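S.K.: what would the 3D arrangement of this be:
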Amino acid sequence: MSDRDSGGGRAVVRHARVEDLERVVELVAEHAEYEKAAPPAPGLATRLTGMLFGGPGSAEEFGGPEPADEPRGPSGGETPRLRCLVAELPDGSLAGYATCAPELSTWDGVAYLHMDCLYLTSTARGHGLGPLLLDAVRAEARALGLTEIQWQTPAWNEGAIRFYDRLGATSKEKRRYSLPVDPA
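M.R.: Numbers count the residues shown, from 1 in each chain. As a prediction, this is how the structure comes out:
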C-alpha cells in the first residue's frame, strides 16, 4: 500500500489481516487510554472480526458499497463494513492503525469516508507513519469513489491538531454526543 524507510528498513501501511486482530485490539485499548476514554468493552475482537473481515457487521448488512477491488473477508465473501489499515515496522510489529468506513452527508447528498480512528504508539509518532496512514486512508476513499474524508479529534489533542493542520485539513467547531439506546 505505502511505505517509508525508517532507518532500519521500510515501514509499511497495509490492510489489517485476521492475524493482526489481537494487536489491533491492544492498540485500540491504548488509544482509548490516550484519549482518556473508557476501555473497550469485552468481546471487541469478536465484534471487529465481522466488521473487518466479513460476516455479521459487514457492508451488506449496512447497505455499504461493494466495489470489486475492495478487501474481502477471509473466505473472499462479503465486503467489510469497516476498513482497518495498520502501520507495520520493519521488524513486523504493528505501531499504529487507522479505521474508516463510508458514511453519508445529508446536507451535501453525497457519501464520504469517515476516519473513526488514527493512532500511533508514542514511540512511533514523529517518524512519518502518520502521513503514511492518512495517505492510505485517502487511497481507500479514492478506491470507493469518494471525494472527502471527515474525522474528529479531541480539542485538547494539540499534537494531532498541528499534524492535521500541517496536512492542509480544515476543521469545524462541533461537539460530539452519544446517547445509549435501551434494548427493545
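S.K.: nearest residue to residue 116 other than its sequence neighbours?
M.R.: residue 99 (4.8 Å; C-beta to C-beta, 6 or more residues apart in numbering). In short, each C-beta sits where N, CA and C put it, glycine included.
S.K.: point to the residue nearest the middle of the protein.
M.R.: residue 99 (1.1 Å; C-alpha atoms, centre = their mean).
S.K.: the residue nearest to residue 116 pairs with what?
M.R.: Note on residue 99: beta-bridge partners by DSSP bridges are residue 84, residue 117.
S.K.: residues contacting it?
M.R.: 82-85, 115-117 (C-beta atoms under 8 Å, 6 or more residues apart in numbering).
S.K.: show the buried residues in these.
M.R.: Among the contacts of residue 99, those scoring as buried are 82-85, 115, 117 (criterion: 16 or more other C-beta atoms under 10 Å).
S.K.: ok, so of the residues you listed, who is nearest residue 128?
M.R.: residue 85 (15.0 Å; C-beta to C-beta).
S.K.: against residue 16, how distant is that closest one?
M.R.: 7 Å (C-beta to C-beta, to the nearest Å).
S.K.: mutual contacts of those two, please.
M.R.: Joint contacts of residue 85 and residue 16 (C-beta under 8 Å, 6+ apart) are residue 97.
S.K.: in this structure, where is pLDDT below threshold?
M.R.: 1-8, 55-78 (pLDDT under 70).
S.K.: quick one, helices of the chain?
M.R.: For the chain, applying DSSP state H gives helices covering 21-34, 44-53, 59-62, 129-143, 158-166.
S.K.: what's the closest of those to residue 103?
M.R.: Closest among these, using C-beta to C-beta: helix 59-62, at 10.1 Å.
S.K.: count the residues that sit near the nearest residue to residue 174 once chain neighbours are set aside.
M.R.: Spatial nearest neighbour of residue 174, chain neighbours left out: residue 152 (7.8 Å); criterion: C-beta to C-beta, 6+ apart. Number of residues near residue 152 (other C-beta atoms under 10 Å) recorded here: 13.
S.K.: and if you look at residue 34?
M.R.: 14.
S.K.: mind checking how far the spatially closest residue to it that is not a sequence neighbour is from residue 33?
M.R.: In space, and not counting its chain neighbours, residue 34 is closest to residue 119: 7.2 Å by C-beta to C-beta, 6+ apart. Per C-beta to C-beta, residue 119 is found 11 Å from residue 33.
S.K.: so for the two, which residue has more residues nearby?
M.R.: Neighbour tally, residue 119 and residue 33, criterion other C-beta under 10 Å: the higher count belongs to residue 119, 22 against 11.
S.K.: so that one touches residue 32, yeah?
M.R.: No - contact between residue 119 and residue 32 fails when scored by C-beta atoms under 8 Å: they sit 9.4 Å apart.
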